[in-house]
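>>> based on what follows, work out the 3D shape:
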Amino acid sequence: MDTRKTLRVNEAGHLEIGGCDCVELAEKFGTPLYVFDEDYIRGMMRVYRDTMKKEYGDGLVLYASKAFSCEAMYAIAKQEKIGADVVSGGELYTAMQAGFPAADVCMHGNNKLPREISYALNCGVGLFAVDSPSEAELLDAECEKRGRVQDVILRINPGVEAHTHKFVQTATPESKFGFSVQSGAAEEMTKLLLAKKHLRLLGYHCHIGSQIFEKQPFCLAAEKCLAFMADMKKKLSFEAEILNLGGGFGIRYTEEDEKFDFESYAGYLGAIIGAVKAGCEKYGLKRPRLMIEPGRSIVGEAGITLYTVGAVKEIPGIRKYVAVDGGMFDNPRFCLYGSKYTAVLAGRADEPPTELVSIAGKCCESGDLIGENMSLPEARRGDILAVLSTGAYNYSMASNYNRNFVPPAILVKDGMADYIVKPQTYEDLVRNDAIPDRLTARR
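Sure thing, here's the model as predicted:
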């Protein structure tokens with residue numbers, strides 16, 4: 001298990017995060033429970049913000065909301081003076097409820113709904129990332145009704161493939177995202193947007209995928225985007241003012257993954273900035289305003305999930321199951337991607353692992369697992385199990401499958417713990433249910 005100042009094993013042998021004993025957190029708040037380390041979140045935001053300012057100057061870090069969206073996250077982002085990337089009306093509404101400045105929001109999505117576009121315009125969102133011709137038409141028409149001009153960037157596909165799971169590769173030729181540079185589609189969309197009276201094209205966006213550790217794919221994507229920008233300057237006399245290179249920086253889930261600290265991420269962004277500077281000089285371009293959209297790397301390792309161990313079942317010669325009170329309803333990533341995690345017994349975090357187990361959830365699904373072949377000391381009913389690096393995409397993807405509760409979330413700092421997502425109740429589960437009159441009428 002990797003430790004840091006705010007994630008360690010304390011004198012009692014218990015796992016501690018943000019100055020809070022995890023066993024005590026489980027007793028106070030119950031399990032399953034998402035726990036977020038405020039200092040780590042702020043530290044990562046500052047790394048990106050300060051590196052951008054120091055190494056590049058004119059840039060903006062946008063927190064990728066899809067990793068974990070709640071009002072508290074936008075409150076922190078606002079305090080740390082970074083922007084936000086949203087991909088739905090719901091994420092935007094959450095940001096607005098938290099008092100986040102709409103001018104610092106970029107609205108993404110490959111199929112923005114008419115109501116989402118209208119809501120975003122009403123909020124005064126600073127930037128739209130356009131991802132289809134029909135969206136451009138709809139957005140232009142809505143802006144005409146309002147008598148305004150909206151700043152936009154165009155999502156392009158530079159054709160750079162990163163070494164990651166195929167479900168999270170977003171710049172391959174067959175991707176649903178963006179317009180291919182190679183096929184000429186990106187150029188045609190540039191022409192279309194430049195012709196719109198109520199849209200102001202400011203530049204381009206690309207995102208090559210997620211959970212990427214290598215710097216080279218990002219640097220190559222930057223170079224390809226700049227080459228395209230130079231081509232558009234030559235052909236269309238359009239020089240982009242913004243280049244958004246997305247996010248996708250990897251985090252450590254297990255010992256198989258590379259370990260990055262704050263300085264490592266600063267170096268990561270520094271390499272990308274270096275590639276942008278070099279590309280601008282190579283192609284004779286003025287430096288655009290540079291944007292990035294980190295999400296997972298800000299909240300992923302900041303979050304852990306606490307469970308209580310229930311049934312322990314061994315199938316001789318095959319495997320041993322350790323069942324917990326959560327499962328695929330609070331973490332579907334193993335089912336979706338085969339994602340791997342590190343787990344520890346929070347009350348015996350100083351004990352070395354002695355066996356390999358499969359951590360099973362409580363859902364009525366054979367595939368309901370948190371992970372397989374995970375190293376643990378011998379687990380017993382009532383133990384508190386902590387699964388690390390669950391801050392990104394776990395709460396975001398959670399559901400009420402089997403009518404289980406989506407777990408609450410707390411924020412910890414300096415020994416303080418507060419709800420940032422309150423617990424659900426049985427009443428919440430049926431709040432929107434309705435029984436038609438014909439089902440209650442006598443026959």
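
>>> pLDDT weak spots in the stretch 1-150 of the chain?
Scanning the stretch 1-150 of the chain for pLDDT under 70 picks out nothing.

>>> residue boundaries of the helices in it?
22-29, 38-55, 71-79, 89-97, 114-123, 133-146 (DSSP state H, counting those that start in this stretch).

>>> any chance of the ones you listed in TSV, plus distance to residue 434 and mean neighbour count?
For every residue, glycine as well, the C-beta is placed using N, CA and C. What follows is the helices of the stretch 1-150 of the chain, written out as TSV (distance: least, C-beta to C-beta, whole Å; neighbours: other C-beta atoms under 10 Å):
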stretch	distance to residue 434	mean neighbour count
helix 22-29	32	19
helix 38-55	39	19
helix 71-79	28	19
helix 89-97	21	19
helix 114-123	22	17
helix 133-146	32	16
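
>>> TSV for those helices, including distance to residue 427?
Below are the helices of the stretch 1-150 of the chain laid out as TSV (distance: least, C-beta to C-beta, whole Å):
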stretch	distance to residue 427
helix 22-29	19
helix 38-55	30
helix 71-79	21
helix 89-97	21
helix 114-123	28
helix 133-146	38
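
>>> domain parsing for this structure?
Taking automatic domain parsing as the criterion, the chain consists of the domains 7-30+301-419, 38-299.

>>> how about these in CSV, adding distance to residue 432?
Formatted as CSV, those follow (distance: least, C-beta to C-beta, whole Å):
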stretch, distance to residue 432
domain 7-30+301-419, 11
domain 38-299, 15
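
>>> which stretch among those domains comes nearest residue 439?
Nearest of the domains of the chain to residue 439, taken as C-beta to C-beta: domain 7-30+301-419 at 19.2 Å.

>>> what is the subsequent helix or strand relative to the lengthiest strand in the chain?
The longest strand of the chain (DSSP state E) is strand 303-315. For strand 303-315, the following helix or strand on the C-terminal side (DSSP states H and E) is strand 319-324.

>>> sort out which residues of that next one are buried, please.
For strand 319-324, a neighbour-count test (16 or more other C-beta atoms under 10 Å) marks 320-324 as buried.

>>> one more: stretch 292-310?
Counting neighbours by 16+ other C-beta under 10 Å, one finds that the buried residues in stretch 292-310 are 292-309.

>>> got a list of what residue 271 touches?
Counting by C-beta atoms under 8 Å, 6 or more residues apart in numbering, residue 271 touches 215, 218-219.

>>> next, it: phi, psi?
For residue 271, the backbone dihedrals (degrees, to the nearest 10) come out as phi -70, psi -40.

>>> any idea how far residue 215 is from it?
From residue 271 over to residue 215 the distance is 4 Å, taken as C-beta to C-beta, to the nearest Å.

>>> likewise residue 20?
Using C-beta to C-beta, we find residue 20 at a distance of 35 Å from residue 215.

>>> among the domains of the chain, which comes closest to residue 435?
domain 7-30+301-419 (16.3 Å).

>>> now do that closest one: distance to the chain's middle.
20 Å (C-alpha atoms, centre = their mean, to the nearest Å).

>>> returning to that earlier point: could you say which one of the helices of the stretch 1-150 of the chain comes nearest to residue 3?
Among the helices of the stretch 1-150 of the chain, the nearest to residue 3 by C-beta to C-beta is helix 38-55 (12.1 Å).

>>> pull the residues that contact the closest one.
4-7, 18, 59-61, 63, 73, 76-77, 80-82, 262, 265-266, 269-270, 273-274, 290, 292, 294, 297-299, 301-302, 411-413.

>>> strands - which of the residues you listed land there?
Per DSSP E, the contacts of helix 38-55 map to strands at 7, 59-61, 63, 290, 292, 411-413.

>>> among those residues, which one has the most neighbours?
residue 63 (32 neighbours; other C-beta atoms under 10 Å).

>>> right, and it touches residue 81 too?
No: applying C-beta atoms under 8 Å, one finds residue 63 not in contact with residue 81, separated by 11.3 Å.

>>> how much space is there between residue 99 and residue 105?
In this structure, residue 99 and residue 105 are 12 Å apart, going by C-beta to C-beta.

>>> still on that earlier bit, pick the one among the buried residues of strand 319-324 closest to residue 144.
residue 324 (54.1 Å).

>>> with adjacent residues omitted, what lies nearest to the closest one?
residue 307 (3.7 Å; C-beta to C-beta, 6 or more residues apart in numbering).

>>> check residue 35 too.
Nearest non-adjacent residue to residue 35 (C-beta to C-beta, 6+ apart): residue 304, at 5.1 Å.

>>> so what's the one you found up against?
Going by C-beta under 8 Å, 6+ apart, residue 304 touches 7, 15, 17, 22, 34-35, 386-391.

>>> mind doing that once more with 10 Å?
Residue 304 makes contacts with 7, 15, 17, 22, 25, 33-37, 341-344, 346, 386-391, 394, 412, as judged by C-beta atoms under 10 Å, 6 or more residues apart in numbering.

>>> among those, name the ones in strands.
Mapping those onto strands (DSSP E) picks out 7, 15, 17, 33-37, 343-344, 386-387, 412.
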